[in-house]
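Chemist: Predicted model follows, preceded by the sequence.
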Amino acid sequence: MKILFASSEVHPLLKTGGLADVAGSLPRALRALKQDVRIIMPAYADAVKKAGKLKQVASFDVGVHKVKLQEGHLPGSRVKVWLVDYRPYFERPGNPYLDEHGEEWPDNAQRFALFNRAVVKIALDQVGLGWEPELIHCNDWQTGLIPALLSEHSPRPATVFTIHNMAYQGLFDHATFVSLGLPSHFWSHHELEFHDQLSFLKGGLVFADRINTVSPRYAEEIQTEKFGCGLDGLLRHRKQVLSGILNGIDTKEWNPGTDPHLPAHYNRRSLAGKAINKQSIQKTFSLPEKADVLLLGFIGRLVEQKGIDTILEALPEMLDLSVQFVLLGSGQAQYQRAITALAKAHPATISATIGYNEALAHQIEAGVDVFLMPSRFEPCGLNQLYSLRYGTVPMVTEVGGLADTVIDASEANLATGTATGITLRENSAEALIHAVQRALSLHADRKVWKKLQLTGMAQDYSWQHSAKRYLALYEEIAG
């Protein structure tokens, strides 16, 4: 199949979150299944630097803008990458969505509308590439206008729209809608209008041939008022074309037996190296190097979705237990200040690094005993999958992909050898403290803890399985 994969970020070219991991891994897995898949993304300055040798394959107009298309390959693969090159919009430092002050770029609507229109022109072979996809896989609000714009054309490629997070909808005012020159009929609550705003996300939800989410549980949750972000009615209306497929992980990049970022390698046959990684993380974060203490870790955005406020509320009481806590992440300023202050007040038990570092993320996954993910909602989650692979016990709330991938260490599940982690029924400080107390009890029994680790490491969440399910979905639609 000829598949065009459209995403606003792709690892390792540019990454702000899990979308980039999916966009960098799924196309590679599809290529391994002998599909003709190509990735298209904006030509951010950082992406251009990391893409290596590029060649210009097209130059065309998108409205009044002259756009170039640069072609290269996803690093370490044979997957073609097309970079939509319009420098006034995309040649900016750092984050593709936010400026250096953490504020949204004021012209985000114009930037991603241009990207979407460029994708449509390429998909309809209006730029002279001589390649027409049978299907376009769109991801999140930044690509939501593609299915809407393609609906104006016949014939056209089939479209899949994947929701990675309903909370981000690409909302803009009516004046912006007018300035974009979109068809006037799009301004309707049946199409792109959402409470007197333009919603890029609705473009995908209303017009895509199939809607997909990144876990079966999340596909059910977003049809409810609690998780639907105001669009649950529309999703229930389209439930016949809505499904969920779990994300996979890149098992070559995330492999404790070969990971180049780790001071010591290990696998299911021997966990000895994990103890070395724990000691290394304690040293890196300037914590006392104690082998028996329960080392907890967190990597992620410091926002309420990820439960960082719950962690902060629980930490003072958790300090009375025999635990240490390390954190790597950035986000809302008040949470950055709060965790930094706690770490300063309790240097022997808490350590935090504000920002993101890929190598350190790998080292934390390998070095900690328990990975905290008390999320309020979680479309899929990737860190719990990395944790399982690295023999680190995930501690998660029973929502979305976390519920789909982590089996609680209840007495019954431990007895049957199916337990892989510790789950919380609700997102609360009390539930988190109780879960940590359970972890301490389990950790004290080395035999039980090792069994929990090994069962987690035996799980297979590689992209191989998920890619086959996506391919079946593509073939069903295109057929």
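Modeler: Great, that's in hand.

Chemist: per-residue confidence for residue 94?
Modeler: If you check residue 94, the pLDDT there is 66.

Chemist: Tell me the buried residues in the strand or helix carrying residue 39?
Modeler: Per DSSP states H and E, residue 39 falls inside strand 36-42. By neighbour count with 16 or more other Cβ atoms under 10 Å, strand 36-42 contains the buried residues 37, 38, 39, 40, 41, 42. The way it works is simple: take the backbone N, C-alpha and C, and place the C-beta from them, glycine included.

Chemist: would JSON lines of the residues you listed with pLDDT and distance to residue 290 be doable?
Modeler: Formatted as JSON lines, these follow (pLDDT from 0 to 100; distance: Cβ to Cβ, whole Å):
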{"residue": "37", "pLDDT": "98", "distance to residue 290": "48"}
{"residue": "38", "pLDDT": "98", "distance to residue 290": "50"}
{"residue": "39", "pLDDT": "98", "distance to residue 290": "45"}
{"residue": "40", "pLDDT": "98", "distance to residue 290": "49"}
{"residue": "41", "pLDDT": "98", "distance to residue 290": "45"}
{"residue": "42", "pLDDT": "98", "distance to residue 290": "47"}
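
Chemist: Number of residues surrounding residue 317?
Modeler: 13 (other Cβ atoms under 10 Å).

Chemist: So for it, what's the pLDDT?
Modeler: 94.

Chemist: need the contact list for it.
Modeler: Residue 317 makes contact with 429, 433 under the criterion Cβ atoms under 8 Å, 6 or more residues apart in numbering.

Chemist: hmm, 7 Å instead?
Modeler: residue 433 (Cβ atoms under 7 Å, 6 or more residues apart in numbering).

Chemist: so what's the backbone phi/psi at it?
Modeler: Phi and psi for residue 317, reported as degrees, to the nearest 10, are phi -70, psi -30.

Chemist: Kindly provide the distance from it to residue 434.
Modeler: 11 Å (Cβ to Cβ, to the nearest Å).

Chemist: Residue 402 too?
Modeler: 17 Å.

Chemist: now swap in residue 463 and tell me
Modeler: 35 Å.

Chemist: same check, this time on residue 297
Modeler: 19 Å.

Chemist: quick one, which of these two is more surrounded?
Modeler: Higher neighbour count among residue 297 and residue 434: residue 297, with 26 against 15, using other Cβ under 10 Å.

Chemist: give the contact list for the spatially closest residue to that one that is not a sequence neighbour.
Modeler: Nearest residue to residue 297 in three dimensions, chain neighbours excluded: residue 368, at 3.4 Å (Cβ to Cβ, 6 or more residues apart in numbering). By Cβ under 7 Å, 6+ apart, residue 368 lies in contact with 281, 295, 296, 297, 326, 392.

Chemist: now for these, which pair is the farthest apart?
Modeler: Farthest apart among these by Cβ to Cβ are 326 and 392. That separation is 12.0 Å.

Chemist: ok, these two, which is more surrounded?
Modeler: Neighbours per residue (other Cβ under 10 Å) separate residue 326 from residue 392, with residue 392 holding more: 29 against 25.

Chemist: Output the buried residues of strand 36-42 in TSV, with distance to residue 53 appended to each entry.
Modeler: Conversion of the buried residues of strand 36-42 to TSV gives the following (distance: Cβ to Cβ, whole Å):
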residue	distance to residue 53
37	20
38	17
39	16
40	18
41	17
42	19
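
Chemist: hmm, which two among those are most spread apart?
Modeler: Of all pairs in the buried residues of strand 36-42, the most separated under Cβ to Cβ is 37 and 42 at 18.4 Å.

Chemist: which element follows the helix or strand harbouring residue 178 toward the C-terminus?
Modeler: According to DSSP H and E, residue 178 maps onto helix 174-180. On the C-terminal side of helix 174-180, the closest following helix or strand by DSSP H and E is strand 198-199.

Chemist: Can you give me the buried ones in the helix or strand following that following strand?
Modeler: Using DSSP H and E, the helix or strand that follows strand 198-199 towards the C-terminus is helix 200-207. Within helix 200-207, the residues that count as buried by 16+ other Cβ under 10 Å are 200, 201, 202, 203, 204, 205, 206, 207.

Chemist: Enumerate every residue touching the second one.
Modeler: Same thing as residue 201. So residue 201 contacts 141, 144, 169, 170 (Cβ under 7 Å, 6+ apart).

Chemist: same check, this time on the last one
Modeler: Each residue near residue 207 by Cβ under 7 Å, 6+ apart is listed here: 147, 148, 151.

Chemist: Tell me the pLDDT of the closest residue to the last one other than its chain neighbours.
Modeler: In other words, residue 151. Spatial nearest neighbour of residue 151, excluding adjacent residues (Cβ to Cβ, 6+ apart): residue 207 at 4.8 Å. Reading off the confidence values, residue 207 has pLDDT 98.

Chemist: And for residue 404?
Modeler: 97.

Chemist: How much space separates it from residue 215?
Modeler: Going from residue 404 to residue 215 by Cβ to Cβ gives 5 Å.

Chemist: who has more neighbours, these two?
Modeler: residue 215 (23 against 19).

Chemist: ok, that one to residue 377 distance?
Modeler: Note on residue 215: its distance to residue 377, by Cβ to Cβ, is 11 Å.

Chemist: repeat for residue 264
Modeler: Taken as Cβ to Cβ, the span from residue 264 to residue 377 is 36 Å.

Chemist: Looking at these two, which is more packed in?
Modeler: residue 377 (22 against 17).

Chemist: That one and residue 227 touch, don't they?
Modeler: Yes - using Cβ atoms under 7 Å, residue 377 is in contact with residue 227, at 5.6 Å.

Chemist: Show the pLDDT at the residue nearest to residue 297.
Modeler: pLDDT at residue 368 comes out at 98.

Chemist: Same question for residue 410.
Modeler: Here, the pLDDT recorded for residue 410 equals 97.

Chemist: Now for it, how many residues are close by?
Modeler: 14.

Chemist: nearest residue to it other than its sequence neighbours?
Modeler: residue 419 (6.9 Å).
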